[in-house]
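A.B. asks: Build me a model from this:
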Amino acid sequence: MKAVSSLGNLQEAIDLSSQQIVVLFKHSTRCPISAQADEEMAKVEEDYGNKGVGFGRILVVENRDVSLACAEKLGIKHESPQVLVLKNGEVAWHDSHNAIRYDKLESVLTM
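C.D. replies: Numbers count the residues shown, from 1 in each chain. Reported below is the predicted structural model:
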């Protein structure tokens with residue numbers, strides 16, 4: 001998963017979503033729920049990373065400014081962990097916490 005650790009990286013990911021689906025994962029390295037979501041996201045990336053889907057990870061503690069800018073730019077209240085699926089520069093789907101599961105993302109990515 002590509003690190004989204006600057007405002008420039010964030011804008012690149014948003015811009016890329018006009019060419020392909022981009023999945024942004026907001027991850028907290030201090031949270032056990034986020035650790036479980038990270039495992040789910042690793043499986044999703046493994047299966048969809050070679051199918052034209054881009055993946056980015058925002059570490060919410062280490063890159064708080066990027067995480068907050070993501071919420072502001074995309075109009076989705078900040079949560080952690082959180083996953084956002086971007087299409088054409090907008091959030092097509094999002095969820096957080098224990099709802100971040102392979103099966104949910106699979107249904108969104110195969111639409």
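
A.B. asks: neighbours of Asp15, just the number please.
C.D. replies: By the criterion of other Cβ atoms under 10 Å, Asp15 has 12 neighbours. C-beta coordinates here come from the backbone N, C-alpha and C atoms, glycine included.

A.B. asks: Just the mean pLDDT for the longest helix seen in the chain, thanks.
C.D. replies: Across the chain, the longest stretch assigned as helix under DSSP state H is helix 32-48. Averaging pLDDT along helix 32-48 yields 95.

A.B. asks: what secondary structure does His94 sit in?
C.D. replies: Using DSSP: H, G, I helix; E, B strand; the rest coil, the secondary structure recorded for His94 is strand.

A.B. asks: What are the phi and psi values at the closest residue to it other than its chain neighbours?
C.D. replies: Of all residues beyond its chain neighbours, the one nearest His94 is Leu84 (4.5 Å), with distances taken as Cβ to Cβ, 6 or more residues apart in numbering. Here is the backbone geometry of Leu84 (degrees, to the nearest 10): phi -130, psi 130.

A.B. asks: element containing the spatially most central residue of the chain, please.
C.D. replies: Among the residues of the chain, the one closest to the centroid is Leu24, at 1.7 Å (Cα atoms, centre = their mean). Leu24 belongs to strand 22-27 when assigned by DSSP states H and E.
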